[in-house]
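> Curious how this folds, go ahead:
(one chain, ligands or ions: 1)
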Amino acid sequence: MKRMDKLIQEYIHDPYFTKEKYHDPSVCERCGVVFHDGIFEWINPPPANAEKFICPACRRIEDKYEGGVVYLKISPYLQKHKEEIFNQIKNVEEEEMRYRPLERIISIEEQDDEIVIKTTYEHLARRIGEAIHRAHKGDLKLSYPEGKKYVRVYWQREE
Ligand SMILES: [Zn+2]
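Residues are numbered from 1 along each chain as shown. Presented below is the predicted three-dimensional model:
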C-alpha cells in the first residue's frame, strides 16, 4: 500500500489518530498519557522535553465519538447482578487501559430497557462483552456495521 493510501485509510478509520502531527514525545494534559517513540504509553513522570497535547482518547470522550457500544438488556438476571457486572466492567477497563492506554469508557447510561456503554475503540467494547459472557453466560452477539473499526455488542440473559 502506498503511503498516501495508508494515510487516507487511517483518516477514515480514526480521525483522532493523527499520529504524524504529534510531537514526539508529547503528554496529554487531560489524562497524562505519553506519546513516545510512536506509541502511547503510561510513563510517569513524562519525558522532560514532552510537549502538551490532548490524546485521541480524551478527544473522543469530549466529543462522545465512540468506537464501540455495548448494549446490556435489562432483565431480572441483570437487575440481580447489576453491581457485580458494573464492577466487572470497570475492571476490564482498568486491565485494558494498562496495555492499551487509549481504551476508555466514554459513558454508561440507562436507556429504556438497556444499559448502554460507549467506549473509545472497538477493542474495549468487545472485551467487556466477552468478559460478561464468560462470567454470566447468556447470549452475546457482535455486529460490525462499518467494518472492523466499529462494533456493536449485545448481551442478554433473562434469568
Ligand atoms: Zn488523554
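> So which residues on this protein come close to the ion?
Selection of the chain residues close to the ion by Cβ under 5 Å from the ion yields 28, 30-31, 33, 55, 58. All C-beta atoms are positioned from the backbone trio N, CA, C, and that covers glycine.
> mind checking the longest helix of this structure?
Longest helix of the chain, by residue count under DSSP state H: helix 76-99.
> quick revisit: the residues of the chain next to the ion in helices, which ones?
Those of the residues of the chain next to the ion mapping onto helices are residue 58, per DSSP H.
> quick revisit: buried stuff in the longest helix of the chain?
Neighbour-count burial for helix 76-99, counted by 16 or more other Cβ atoms under 10 Å, picks out 77-78, 81, 85, 88-89, 92-93, 96-97.
> Skip ahead from it and say which helix or strand is next.
Counting by DSSP states H and E, the next helix or strand C-terminal to helix 76-99 is strand 105-111.
> Name the residues of that next one that are buried.
Result for strand 105-111 [16+ other Cβ under 10 Å]: buried residues 105-106.
> Name every strand pairing with it and say which way it goes.
strand 114-119 (antiparallel) (DSSP bridges).
> what angle sits between the partner strand and helix 76-99?
Calculated by axes from the mean of the first three to the mean of the last three Cα atoms, to 10 degrees, strand 114-119 forms an angle of 0 degrees with helix 76-99.
> what sits up against strand 114-119?
64, 66-74, 78, 89, 103-110, 125, 128 (Cβ atoms under 8 Å, 6 or more residues apart in numbering).
> Now that strand: average pLDDT?
In this model, strand 114-119 has a mean pLDDT of 98.
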